[in-house]
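# Need the 3D shape of this:
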Amino acid sequence: MSIEKYQETYIQQNFADRIGGAGYGKDTAIYKFEKIKRAKAAAKLEHPDTELIDMGVGEPDEMADAGIVAKLAEEAAKPENRGYADNGIAEFKEAAVRYLKNVFQVDGIDPATEVLHSIGSKPALAMLPSCFINPGDVTIMTVPGYPVLGTHTKYLGGEVYNVELKKENAFLPDLASIPEDIARRAKLLYLNYPNNPTGASATVEFFTEVVEWARKYGVVVVHDAPYAALTYDGLKPLSFLSVPGAKDVGVELHSLSKSYNMTGWRIGFIAGNPLVVKAFGDVKDNNDSGQFIAIQKAAAYGLDNPQITEKIAEKYSRRHDMLVEALNGLGFKAEKPKGSFFLYVEAPKGIKGGRRFESGEDFSQYLIREKLISTVPWDDAGHFVRFSVTFEAKGEEEEKRVISEIRRRLSDVEFEF
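As a prediction, this is how the structure comes out:
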């Protein structure tokens, strides 16, 4: 029997329903990021001599700080760091507590019971539903947004209720719009500020409202905060845990990926409610054996040196300023975010005297294929595209050149909004 036939009659029938069951692998739909990948390849093939400007990348364009790299090398050479880390080392947890205090003015976090490391925040988001979701339970997600918590909720037989992030509400979820029956069935509420993809920032008033709402309905809040320290123009970094009562209702996830240029290092932490942290630790203990101790120690060095992030934020702020100015000069209504490295811009309706754009994806495909500028479309709540200021550029002069090139390529048409 051929492998193909064997898989069709045996392996193919054994896939879990959560990933497609017997139809797994047969879906012909092309997903957003695959469409972008294909469009980029086609554009480069058609225009081999034109630079493709990638404004869609969701990760930093630079190496981690030299001090962090040196600390990793130092610690990796020590035999005592070679073994399993399990649920983490005290040195990293203590550094996380100092970081929350120094950067976000969060007091009263116990490193022994209210902090655990994670192998980046994505695995933490994947594991948390296993702590709470039974079949029929609800996780409330925001759209557009990062779907991992919702995906795993569905894997466990739960349901996802989406709340749109709209421009008229400063891209904050309208908690009052959540139906009463959904709120009472919900176990988890996912928030992410500064937000991907909108770049929006939360306020103390909003987080205070979240705490009150969570208490009323008995919902656990999961605040995903990988961009929390990347803020601009005088906005102080804000932690959900800095709001009175937050620790009673939830946890916050921090990652060094974006704030310390450490995406591939896979290190972050969960902090907050001790019972939630304990449950996460139990589930985590059955999923992984901990991040390499040398990486945890290098990360602890980074957490104790927040000026590293401040320098990174200065670069992103500068790039945001240039990009906003360039786009607005072309007719867009771009507003510089107060945090994150994403600029969320409403797509034009079309080109004067020319083609129409029916969606953000339609406009994004036009930018890639005809202008060789890659962005990410978002059509969940209005038609938008996301520019990222993590594009490749070494130094300010190169940044200016890239932005100038974007302006030049788009200036030969007149967009209609």
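# ok, and for the helix ranked longest in the chain, which residues are buried?
Within the chain, and with DSSP state H defining each element, the longest helix by residue count is helix 307-328. Of all the residues in helix 307-328, those buried under the rule 16 or more other CB atoms under 10 Å are 308-309, 312-313, 315-317, 319-320, 322-324, 326-327. From N, CA and C alone the C-beta is placed, and that goes for glycine too.
# And the next helix or strand past the helix or strand of the chain with the lowest mean pLDDT?
Across the helices and strands of the chain, the lowest-confidence element by mean pLDDT, DSSP states H and E is helix 3-6, at a mean of 62. Tracing the chain past helix 3-6, the next element assigned as helix or strand by DSSP states H and E is helix 32-46.
# which secondary structure elements does the helix or strand that comes right after that next one contact?
Secondary structure here is assigned by DSSP H and E; on that basis, the next helix or strand after helix 32-46 toward the C-terminus is strand 53-54. Using 3 or more CB pairs under 8 Å, 6 or more residues apart in numbering; DSSP states H and E as the contact criterion, the neighbours of strand 53-54 among helices and strands are strand 373-374, helix 396-410.
# let's go with 6 Å and repeat that
In this structure, strand 53-54 makes packing contacts with no helix or strand, judged by 3 or more CB pairs under 6 Å, 6 or more residues apart in numbering; DSSP states H and E.
# Check the average confidence over it, would you?
The average of the pLDDT scores along strand 53-54 is 96.
# what sits up against it?
With CB atoms under 6 Å, 6 or more residues apart in numbering as the test, strand 53-54 has contacts from 373, 374, 391.
# wait, isn't the first one in contact with residue 365?
Right, the one you point to is residue 373. No - taking contacts as CB atoms under 6 Å, residue 373 lies outside contact range of residue 365: 11.2 Å.
# More neighbours: which of these two?
residue 373 (25 against 20; other CB atoms under 10 Å).
# what bridges to that one?
In this entry, residue 373 is beta-bridged to residue 53, by DSSP bridges.
# roughly how far is the longest helix of the chain from the heart of the chain?
18 Å (CA atoms, centre = their mean, to the nearest Å).
# Redo the buried residues of helix 307-328 as TSV? Include distance to residue 415 and pLDDT.
Formatted as TSV, those follow (distance: CB to CB, whole Å; pLDDT from 0 to 100):
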residue	distance to residue 415	pLDDT
308	39	98
309	35	98
312	32	98
313	30	98
315	28	98
316	25	98
317	26	98
319	22	98
320	20	98
322	19	98
323	16	98
324	16	98
326	13	98
327	10	98
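# which one of the residues you listed is nearest residue 272?
The nearest member of the buried residues of helix 307-328 to residue 272, counting by CB to CB, is residue 309 at 20.8 Å.
# ranges for the strands of this structure?
53-54, 115-118, 138-143, 159-164, 186-192, 220-224, 250-255, 268-272, 342-346, 350-351, 373-374, 376-378, 384-388, 415-416 (DSSP state E).
# List of residues touching the second one?
Contacts of strand 115-118 from elsewhere in the structure, counted by CB under 6 Å, 6+ apart, are 87, 88, 92, 93, 96, 124, 268, 269, 270, 271, 277, 281.
# what's the spacing between it and its chain's center?
When distances are taken as CA atoms, centre = their mean, strand 115-118 is centred 18 Å away from the chain's centroid.
# So in that sheet, which strands flank it, and in what orientation?
strand 268-272 (antiparallel).
# and residue 361, how many neighbours does it have?
Here the neighbour count serves as a burial measure; for residue 361 (other CB under 10 Å) it reads 19.
# residue contacts, the spatially closest residue to it that is not a sequence neighbour?
Here the nearest residue to residue 361 in space, its sequence neighbours aside, is residue 377; by CB to CB, 6 or more residues apart in numbering that works out to 4.0 Å. Applying CB under 6 Å, 6+ apart, we find residue 377 in contact with 360, 361, 364, 385.
# repeat that with 7 Å
32, 359, 360, 361, 363, 364, 385 (CB atoms under 7 Å, 6 or more residues apart in numbering).
# partner residues bridging it?
residue 385.
# What's the separation between it and residue 138?
Relative to residue 138, residue 377 is positioned 28 Å away (CB to CB, to the nearest Å).
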